[in-house]
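Engineer: Structure for this input, please:
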Amino acid sequence: MKYHQIDRQLFIKNRAKFTAQMKPKSVAVFNSNDIYPISADSTLPFAQHRDIFYLCGVDQEESILLLFPDAPYVNQREMLFLKETSEHIAIWEGEKLTKERAFEVSGIKTVHWLPDFEKVLFEMMTHCDTIYINTNEHYRATVETETREARFIKWWKAKYPAHTVAKSNPILQRIRSIKETEELDLIQNACDITEKGFRRLLSFVKPNVTEYEIEAELIHEFIRNRSKGFAYTPIIASGNNANVLHYIENNQQCKAGDLILLDVAAEYANYSSDLTRTIPVSGRYNERQKAVYNAVLRVKNEATKMLTPGTLWKEYQFVVGKIMTSELLGLGLIDKADVQNENPDWPAYKKYFMHGTSHHMGLDTHDYGKLTEPMQANMVFTVEPGIYIPAEGFGIRLEDNVVIQKTGEPFNLMRNIPIEIEEIESLMNS
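Structural biologist: You can find the predicted model right below:
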């Protein structure tokens, strides 16, 4: 891996949080992701399942974590099962984790090779009443591929029909959403790498540059700073492309006078950052662009102040909508009649700002977290209002990542990334 090894104490703490919420006499099993095929012998790069990584730090395919806090013997209470390495594998694929190295990474002392899994699981099942299975219950999830986890669940249900089934995901949704100090440091590192990429762009962008050339500059800067690359598919949307919320073609030429909406960010050690900035191709915003930009910035600043413990996402979004409505009235994009006659289920402001303002962030860009439950300290949220005006040929979105504090306003992990118009123009013209 490109990233520096993470202190295994993080994973030891994470496992302790999870097992503390398990039912008595229960087992939990977590599988790594598959390496997904493309065609012929081609595959996508391996990306580890975030849940097994969160609990043990193993960043390797064909890995299984088994947790059994009430096991008869101490050495059975947490176990890893790994693909056995060999000289052949080392030559063709590179070295895999040895049992000793797996302990260094995870803090788990009992490590088996994969062929032993079914035998060991059978023994554990004779001592337990319940098994926790790990289904994907994220509110934005759409899964059409049968995952390694899904195949395991299908196999387990057929083999052990008499055991009670419980779900790991509700526990993970809550514990993963509240970050440990080590996790905040990793997210900060991802944000710092993103900052380097963004600052590089400010001296690179000029009329007639292409969106894909900008993408290339970013990936260069990210990888040279130990990132695997983008935390999500980058959006580099010049001109009217910015009005397509998930524009990812990145194949157009950037024209003088246009704006570029950049929703681009680095990952580090599987942790995400999530940045949006909107910059002028020619290095200067015109007066209309400035007016809309500053309106979005004011909404972002006001929204950020509301991210405090106890806040409910739905109520927060409602208030942000009121603030955005005021700004859109000031810009002349809507009028009082639009507001008076609006549909409460689709307020007038939604014509120009149709998405949510904030989401959880962490190991996943849209990270685990219950939006129906009050916000808590050490949750990480994005703040990303936008105004999109197809009739005028541009859209503006601004986004930072913040950590909710016990008291007061949240801490901005992107506080050093230029956002004010004057600083961006100065850096682009220096």
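Engineer: Show me which residues of the helix or strand where E215 lies are buried.
Structural biologist: Here E215 sits within helix 211-223, counting by DSSP states H and E. Neighbour counts over helix 211-223 (16 or more other CB atoms under 10 Å) mark E211, I214, E215, E217, L218, I219, E221, F222 as buried. For every residue, glycine as well, the C-beta is placed using N, CA and C.
Engineer: try stretch 394-414
Structural biologist: So stretch 394-414, judged by 16+ other CB under 10 Å, has buried residues 394-404, 410, 412-414.
Engineer: For the nearest residue to Y247 once chain neighbours are set aside, give its distance to V165.
Structural biologist: Nearest residue to Y247 in three dimensions, chain neighbours excluded: A237, at 4.4 Å (CB to CB, 6 or more residues apart in numbering). Separation of A237 from V165 (CB to CB, to the nearest Å) stands at 44 Å.
Engineer: which of the two has more neighbours?
Structural biologist: The neighbour comparison of A237 against V165 (other CB atoms under 10 Å) goes to A237, with 28 against 14.
Engineer: contacting residues for that one?
Structural biologist: Shown in contact with A237 (CB atoms under 8 Å, 6 or more residues apart in numbering): E211, V244, Y247, N250, I260, L261, L262, D263, G395.
Engineer: Just the buried subset of those, written out for ChimeraX, thanks.
Structural biologist: Entered in ChimeraX, the line below selects the buried ones among the contacts of A237, by 16+ other CB under 10 Å:
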select :211,247,250,260,261,262,263,395
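Engineer: thinking again about what came up before, what element comes up after the helix or strand hosting the residue nearest to Y247 heading to the C-terminus?
Structural biologist: A237 belongs to strand 235-238 when assigned by DSSP H and E. Sequence-wise, the next helix or strand downstream of strand 235-238 (DSSP H and E) is strand 259-263.
Engineer: average pLDDT across that following strand?
Structural biologist: Averaged across strand 259-263, pLDDT comes to 98.
Engineer: Begin at 543, not 1, for the rest of this chat.
Structural biologist: All set: I'll call the first residue 543, so the last point we hit is now strand 801-805.
Engineer: what does it contact?
Structural biologist: 740, 743, 747, 753, 756, 776-781, 783-784, 796, 816-823, 827, 831, 936-939, 941.
Engineer: same for the following helix or strand past it, what does it pack against?
Structural biologist: Sequence-wise, the next helix or strand downstream of strand 801-805 (DSSP H and E) is strand 809-810. Contact here means 3 or more CB pairs under 8 Å, 6 or more residues apart in numbering; DSSP states H and E; on that basis strand 809-810 packs against helix 723-744.
Engineer: Break down the stretch 793-942 of the chain into its strands, ranges please.
Structural biologist: Taking DSSP state E, counting those that start in this stretch as the test, the strands found in the stretch 793-942 of the chain are 801-805, 809-810, 813-814, 818-822, 922-925, 928-931, 936-939, 942-945.
Engineer: Next, format those as CSV and append distance to L875.
Structural biologist: Compiled in CSV, the strands of the stretch 793-942 of the chain are given as follows (distance: least, CB to CB, whole Å):
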stretch, distance to L875
strand 801-805, 16
strand 809-810, 35
strand 813-814, 32
strand 818-822, 17
strand 922-925, 21
strand 928-931, 7
strand 936-939, 12
strand 942-945, 24
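Engineer: what's the closest of those strands to C598?
Structural biologist: Taking CB to CB, strand 813-814 is the member of these nearest to C598, at 15.6 Å.
Engineer: what packs against the closest one?
Structural biologist: By 3+ CB pairs under 8 Å, 6+ apart, strand 813-814 packs against helix 723-744.
Engineer: Would you mark the buried spots in the helix or strand hosting A692?
Structural biologist: Counting by DSSP H and E, the element that carries A692 is helix 690-701. Within helix 690-701, the residues that count as buried by 16+ other CB under 10 Å are R690, E691, A692, F694, I695, W698.
Engineer: these two touch, right, the first one and F572?
Structural biologist: So the one you mean is R690. No: applying CB atoms under 8 Å as the test, R690 and F572 come out as separate, 10.2 Å apart.
Engineer: Find the residues that touch each one of these two.
Structural biologist: Joint contacts of R690 and F572 (CB under 8 Å, 6+ apart) are H591.
Engineer: that older thread, may I ask which two of the contacts of A779 are separated the most?
Structural biologist: Among the contacts of A779, the pair separated by the greatest distance (CB to CB) is N792 and G937, at 15.5 Å.
Engineer: where's the residue lying farthest from the centre of the chain relative to A933, distance?
Structural biologist: Distance from the C-alpha centroid of the chain, by CA atoms, centre = their mean, peaks at A879 (39.3 Å). Counting by CB to CB, the gap from A879 to A933 is 19 Å.
Engineer: measure stretch 873-880 end to end?
Structural biologist: From its first residue to its last, stretch 873-880 covers 14 Å (CA to CA, to the nearest Å).
Engineer: Quick check: buried residues in that stretch?
Structural biologist: In terms of neighbour count (16+ other CB under 10 Å), stretch 873-880 has its buried residues at L873, L875, I876, D880.
Engineer: Stretch 856-874 too?
Structural biologist: Y858, V862, G863, I865, M866, T867, S868, E869, L870, L871, L873.
Engineer: what's the spacing between that stretch and its chain's center?
Structural biologist: Distance of stretch 856-874 from the chain centroid (CA atoms, centre = their mean, to the nearest Å) equals 26 Å.
Engineer: next one: stretch 925-936
Structural biologist: On CA atoms, centre = their mean, the centre of stretch 925-936 falls 23 Å from that of its chain.
Engineer: now the helices for this protein?
Structural biologist: Using DSSP state H, the helices of the chain run over 551-561, 592-598, 629-634, 641-648, 659-667, 690-701, 711-717, 723-744, 753-765, 829-847, 855-873, 878-882, 963-970.
Engineer: residue closest to the middle of the protein?
Structural biologist: Judging by CA atoms, centre = their mean, the chain has its centre closest to T907, at 1.4 Å.
Engineer: shouldn't that one be in contact with Y774?
Structural biologist: Yes: with contacts counted by CB under 8 Å, T907 reaches Y774, the gap being 4.7 Å.
Engineer: Now do the helix holding A692: which elements does it pack against?
Structural biologist: By 3+ CB pairs under 8 Å, 6+ apart, helix 690-701 packs against strand 568-573, strand 672-675.
Engineer: and the shortest one, what's its mean pLDDT?
Structural biologist: Here the mean pLDDT over strand 672-675 is 97, rounded to a whole number.
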